[in-house]
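Visitor: From the sequence below, what's the structure:
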Amino acid sequence: MSVPLLASALLLAVLPAVPHRAEADTGVLRCRMPDGSSAYTNKACSAFGGKAMPLPGDVLDRIERDQRHEARQAGIEVPDAASQAAPIQASVRRDVQGGCAASPQQLASDLVASVAMQDVNRVAESFDWAGMPHAQAQRVMTDLERLSTQQVADIEYFDATIGGATMVADAGSSGGADRGLMQVTFADDKGTSVLDFEVTRDEGCYFLQY
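Guide: Predicted structure coming up:
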């Protein structure tokens, strides 16, 4: 693996980990320490007085690639990643007249349902377009068109203020901080990828930043 693990100590890192699907798949935890530093470990963050923070999407992708490569080197047959990623059961997408997402959990549910519909316009409703130049907006829409043809295999919201994680199943909750991170695992016939979207709040509405 590219990220070494220490059996009883932390590997300090410059980067700012998630006690959910990501760690179950990789065995790697990313912890925010009391002094503000961050660390990778295979132990519970609480054992070191730290709080779990999300692993960056590119790190999750790299770890998965390395694990699959090592398995093949060892002669182990590895199923296609996409075939193992069952899509989240999407709820019915709220009507457009229902307004914006009033919580991060509602935002996550909206995104999952819109992707399941393969409707790029409904996917776009979850993103913040304010002040975005036209050329950039066109590039973002092209990317969203590609994402809307995939499946959401996993989605988690991380509250930036407390380092906590909330699953999309908690969509009935109305609470939330002004800023956080939405980590989304997309899957298609080519494999899986993890994308990180900053979440911001504006006048009571939650949006994803692309």
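Visitor: quick check: longest helix of this structure.
Guide: Of all segments of type helix in the chain, defined using DSSP state H, the longest is helix 57-73.
Visitor: Report the buried residues of that helix.
Guide: The neighbour-count criterion (16 or more other C-beta atoms under 10 Å) identifies 57, 59, 60, 61, 63, 64, 67, 68 as the buried residues of helix 57-73. C-beta coordinates here come from the backbone N, C-alpha and C atoms, glycine included.
Visitor: Which stretches in this structure count as helices?
Guide: Counting by DSSP H, the helices of the chain are 21-26, 57-73, 81-84, 104-117, 120-124, 134-147.
Visitor: Which among these is found nearest to residue 183?
Guide: Among these, the nearest to residue 183 by C-beta to C-beta is helix 57-73 (6.4 Å).
Visitor: Quick one: list the elements packing against that closest one.
Guide: helix 21-26, strand 191-202 (3 or more C-beta pairs under 8 Å, 6 or more residues apart in numbering; DSSP states H and E).
Visitor: Just the C-alpha atoms of that helix, please, in CSV.
Guide: Output of helix 57-73 as CSV, limited to C-alpha atoms (Å, rounded to 0.1, in the frame of the first residue of the first chain):
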residue,chain,number,x,y,z
GLY,A,57,-11.3,11.2,-2.2
ASP,A,58,-8.1,10.9,-4.2
VAL,A,59,-6.5,9.0,-1.2
LEU,A,60,-9.4,6.5,-1.1
ASP,A,61,-9.1,6.0,-4.9
ARG,A,62,-5.3,5.4,-4.6
ILE,A,63,-5.7,3.0,-1.7
GLU,A,64,-8.3,1.0,-3.6
ARG,A,65,-6.1,0.8,-6.7
ASP,A,66,-3.1,-0.3,-4.6
GLN,A,67,-5.1,-2.9,-2.8
ARG,A,68,-6.4,-4.3,-6.1
HIS,A,69,-2.9,-4.3,-7.6
GLU,A,70,-1.4,-6.1,-4.6
ALA,A,71,-4.2,-8.7,-4.7
ARG,A,72,-3.5,-9.4,-8.4
GLN,A,73,0.2,-9.7,-7.7
